[in-house]
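1. Give me coordinates for this.
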Amino acid sequence: MKLKIQVSWLLMKFTVIIIAFICIPNKQLSGIPPDSLNITITVTPVPGDNRWLTSVNTPEFITPTSWAAWQRQRIDIRYKLEKLLGELPPRTQNLDVTILSREETDVYILEKFQFDNGVGAIVPGYLFLPKGSKGKVPAILYCHWHGGQYDIGKQEMLQTNATPVAAGPELARLGYAVLGIDAYCFGERNGQGPDGKNEKGSAGEMSSSKFELWAGRTLWGMILRDDLLALDYLCSRSEIDITRIGVTGISMGSTRSWWLMALDERIKAGVCVACMTRYQDLIRSEKLSAHGIYYFVPGMLRYFDTEAVIALAAPRPILFMTGDKDGGSPIAGVKTISKKVLPIYQLAGKESQFESVIFPDVGHTYLPEMWEQMVKWMDMYVKNN
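-> Okay, here's the model as predicted:
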């Protein structure tokens, strides 16, 4: 007699132990002769993500057959994206900006400013202006990273905690104006959440996320709204050539960059270091913990994944650089995004303007080589556009 048992992958070890302990030592109790009992265990693998991803069933992103068809499709995607971010208050048309200080060096002028975002928060920022420039200059909106470094924020532009060089002074030396702000919960805004000044860091970030959900919006949407207000201010400055504006950052700054390109056509090019993250692949890799609560947009996977957001940048130039050991950006997902987005650029005849570079044996870091490629990309598509 042959006994066939189906065992799921997740319960296999426990089932095998039970079968071995109960069936084999007691097989004579069943009346079956010992030599006639064969036990065949068939292992049926059950992917760890099965019960999660199949419960959402994200629609596949289908490349349209023409650029005109994509233009219609992208309107629908952007509309849905804006709705998913929540009921964000309209941005004011008359941003009240106060310049707090202005200092000059041999290379650049540094202004510290702040503005009221219209929903109860004061947003501090830095603006670097290249010294001695004639005429309007190209500009870069710089988005700082997360890294759990809540006290740093915009100060990152003057440090090397996330980048190989201090981004603000170096890009100003190369002829760019550079503007960056403190995102919610970072820099001077650390401890400015709904639970007061004594709650800082990740706890303050969690409370801010909770509050925004109660208000019918997302913390991520509010972070991006502040970035867009910063872009409004940058475009209002007489020194800036508004036809030559790029965006860049690493990690959370990278994610902010490609979302901003999806939402606003004023940004002409972008460079994103790390965090080219496809959300379904993040779930498959069991790496949701690699990203903070600020990052998640309720309902998004009901409609599309990251490739739909990044595709909204087309045909504007965008460069991604990812380490293949970066657990927060599973490489299978990076490759899937590229496979799905590149055809959109091909429809526009601009396939060279989408590039994704994978660095072998590199984790979540900003290499000097990456910095060089970022500058080269910005020079090509922003400064010399």
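2. Could you use CA atoms for every contact and neighbour count after this?
-> Noted.
3. measure residue 330 to residue 312 for me?
-> 22 Å (CA to CA, to the nearest Å).
4. Show me the protein divided up by domain.
-> According to automatic domain parsing, the chain is divided into the following domains: 2-44, 50-383.
5. Tell me which of those domains is the most buried.
-> domain 50-383 (a mean of 19; mean count of other CA atoms under 10 Å).
6. quick one: low-confidence parts of the protein?
-> Applying pLDDT under 70 to the chain flags residues 1-50.
7. Looking only at residue counts, what's the top strand in it?
-> strand 240-250 (DSSP state E).
8. Tell me the helices and strands packed up against that strand.
-> Applying 3 or more CA pairs under 8 Å, 6 or more residues apart in numbering; DSSP states H and E, one finds that strand 240-250 contacts strand 137-143, helix 219-236, helix 252-263, strand 269-273.
9. Walk me through which strands the shortest one pairs with, and which way each runs.
-> Strand 269-273 has these partner strands in its sheet, going by DSSP bridges: strand 240-250 (parallel), strand 318-323 (parallel).
10. What are the contacting residues of the shortest one?
-> Read that as strand 318-323. 269-276, 329, 353-365, 370, 374, 377 (CA atoms under 8 Å, 6 or more residues apart in numbering).
11. let's see 7 Å
-> Strand 318-323 is touched from outside by 269-274, 353-364, with contacts defined as CA atoms under 7 Å, 6 or more residues apart in numbering.
12. Residue 71 versus the nearest residue in space to residue 66 that is not next to it in sequence, what's the distance?
-> Excluding its sequence neighbours, the residue lying closest to residue 66 (CA to CA, 6 or more residues apart in numbering) is residue 347, at 6.2 Å. Per CA to CA, residue 347 is found 11 Å from residue 71.
13. Run through the helices of this protein in chain order.
-> Under the criterion DSSP state H, the chain contains helices at 12-22, 50-53, 67-84, 167-173, 201-214, 219-236, 252-263, 279-284, 306-311, 331-347, 368-378.
14. would you list those helices in TSV and tack on distance to residue 92?
-> As requested, these are arranged in TSV below (distance: least, CA to CA, whole Å):
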stretch	distance to residue 92
helix 12-22	59
helix 50-53	39
helix 67-84	17
helix 167-173	27
helix 201-214	19
helix 219-236	8
helix 252-263	17
helix 279-284	32
helix 306-311	25
helix 331-347	33
helix 368-378	29
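15. Looking at the ones you listed, spot the one closest to residue 104.
-> helix 167-173 (11.4 Å; CA to CA).
16. The closest residue to residue 355 other than its chain neighbours pairs with what?
-> Distance criterion CA to CA, 6+ apart; nearest residue to residue 355, sequence neighbours excluded, is residue 319 at 4.9 Å. Here residue 319 sits in beta bridges with residue 271, residue 355, going by DSSP bridges.
17. Residue 319 and residue 274, how far apart?
-> 11 Å.
18. check contacts around residue 309.
-> Residue 309 touches 259, 262, counting by CA under 7 Å, 6+ apart.
19. Can you tell me how far it is from residue 303?
-> In terms of CA to CA, residue 309 sits 11 Å off from residue 303.
20. what does residue 246 give?
-> From residue 246 to residue 303 the distance is 28 Å (CA to CA).
21. same deal with residue 282?
-> 17 Å.
22. What of residue 102?
-> From residue 102 over to residue 303 (counting by CA to CA), the distance is 46 Å.
23. can you check residue 293 too?
-> Counting by CA to CA, the gap from residue 293 to residue 303 is 20 Å.
24. Could I get the phi/psi values of residue 184?
-> Main-chain dihedrals, residue 184, degrees, to the nearest 10: phi -50, psi 130.
25. Make 710 the first number, not 1, from now on.
-> Sounds good: first residue 710 from here, last item residue 893.
26. Does it touch residue 932 like I think?
-> Yes - counting by CA atoms under 7 Å, residue 932 is a contact partner of residue 893 at 6.2 Å.
27. so what's residue 805 closest to, chain neighbours aside?
-> residue 824 (5.7 Å).
28. Ignore what I typed, I meant residue 909.
-> Here the residue nearest residue 909, using CA to CA, 6+ apart, is residue 900, at 4.5 Å.
29. what residues are up against that neighbour?
-> 894, 906-909, 913.
30. isn't residue 1090 right up against residue 978?
-> Yes - here residue 1090 lies in contact with residue 978, judged by CA under 7 Å, at a distance of 6.4 Å.
31. Need the overlap of contacts for these two.
-> By CA under 7 Å, 6+ apart, the residues touching both residue 1090 and residue 978 are residue 1026.
32. From residue 987, how far off is residue 1037?
-> Residue 1037 is 10 Å from residue 987, by CA to CA.
33. Now do the same contact list for the residue nearest to the spatial centre of the chain.
-> For the chain, the residue sitting closest to the mean C-alpha position, by CA atoms, centre = their mean, is residue 964 at 2.3 Å. Listed by CA under 7 Å, 6+ apart, the contact partners of residue 964 are residue 984.
34. Phi and psi next, for the nearest residue to residue 906 once chain neighbours are set aside.
-> Excluding its sequence neighbours, the residue lying closest to residue 906 (CA to CA, 6+ apart) is residue 900, at 4.2 Å. The phi/psi pair for residue 900 (degrees, to the nearest 10) reads phi 90, psi 10.
35. Same check on residue 995?
-> Per degrees, to the nearest 10, the backbone of residue 995 is at phi 50, psi 50.
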